[in-house]
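Asker: here is a sequence together with a model predicted from it:
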Amino acid sequence: MEITNASSRSNVIAFKTHRAADMTLTSADTWTDVEWDLKIDDECIGDIDYYHAGEVDEDKSIIVIGNTDKLFHVNGCVHSEYNGVSATSVIIASRIMFSMDSGSTWTEARCLQSNTELIRQANEVGTQHYLGTIRADGETWIKLQVRASSTDLIFSGWTTFDNPVAITMTVATV
């Protein structure tokens, strides 16, 4: 999307982040927050950032949308690699959670869940996408959680690419 003037840009809020490092799960069938490790600064505009960005208590698993009343498109992908034995059925799932009360309660966002069950072969790789919308009404916190039915599955970028990432999220006003 090309932004042609400053006044139209002032209405845009956007944030892009990646998990570049591999992510392993400590236990199977448990929702785990994704902690992001690469913010794409030139694709971030407006009042949206990690929780307490740059401060001692910064939490890169939570993205905070500033006080606004807008609809946001949320999308991304999860890249997996299975390192277990062949012919094993593995379920992979992801979901977006949001909070409108500073993290006291979290709600699973409708239509921002993704899951798949596959018979995995050793060293098999795959990509799972998620996309949908969230309405921000005041300050809104969001996070991505992942789970798998086997700890032999890791989230990992494919090293054939110049910039491999394990997990990606983009949040932008509609």
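Answerer: Ah, there it is.
Asker: correct me if wrong: residue 49 contacts residue 17.
Answerer: No - counting by CB atoms under 8 Å, residue 49 does not reach residue 17; the two are 9.7 Å apart. Yep, even glycine has a C-beta here, placed from its N, CA and C like the rest.
Asker: mutual contacts of those two, please.
Answerer: Here residue 49 and residue 17 have residue 63 as joint contacts, going by CB atoms under 8 Å, 6 or more residues apart in numbering.
Asker: can you pull out the helices in this protein?
Answerer: 6-9 (DSSP state H).
Asker: and for residue 23, the neighbour number?
Answerer: Neighbour count of residue 23, defined by other CB atoms under 10 Å: 19.
Asker: rewinding a little: among residue 49 and residue 17, which residue is more densely surrounded?
Answerer: For residue 49 versus residue 17, neighbours defined as other CB under 10 Å are more numerous around residue 17 (25 against 19).
Asker: now do the same contact list for that one.
Answerer: Per CB under 8 Å, 6+ apart, neighbours of residue 17: 36, 38, 39, 40, 50, 60, 63, 168, 169.
Asker: out of those, which is most surrounded?
Answerer: In the contacts of residue 17, the most neighbours by other CB under 10 Å go to residue 63, 25 neighbours.
Asker: and that one, bridged to which residues?
Answerer: residue 50, residue 142 (DSSP bridges).
Asker: what of residue 38?
Answerer: Beta-bridge partners, per DSSP bridges, of residue 38: residue 18.
Asker: any low-confidence regions in the chain?
Answerer: Low-confidence segments of the chain (pLDDT under 70): 1-10, 120.
Asker: now do the strands in it.
Answerer: With strands called from DSSP state E, the chain shows them at 14-19, 32-33, 38-39, 48-51, 59-82, 88-99, 107-120, 125-148, 153-155, 167-173.
Asker: redo the ones you listed as TSV? Include distance to residue 26.
Answerer: Shown next, in TSV, are those (distance: least, CB to CB, whole Å):
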stretch	distance to residue 26
strand 14-19	16
strand 32-33	8
strand 38-39	22
strand 48-51	22
strand 59-82	15
strand 88-99	16
strand 107-120	20
strand 125-148	11
strand 153-155	12
strand 167-173	16
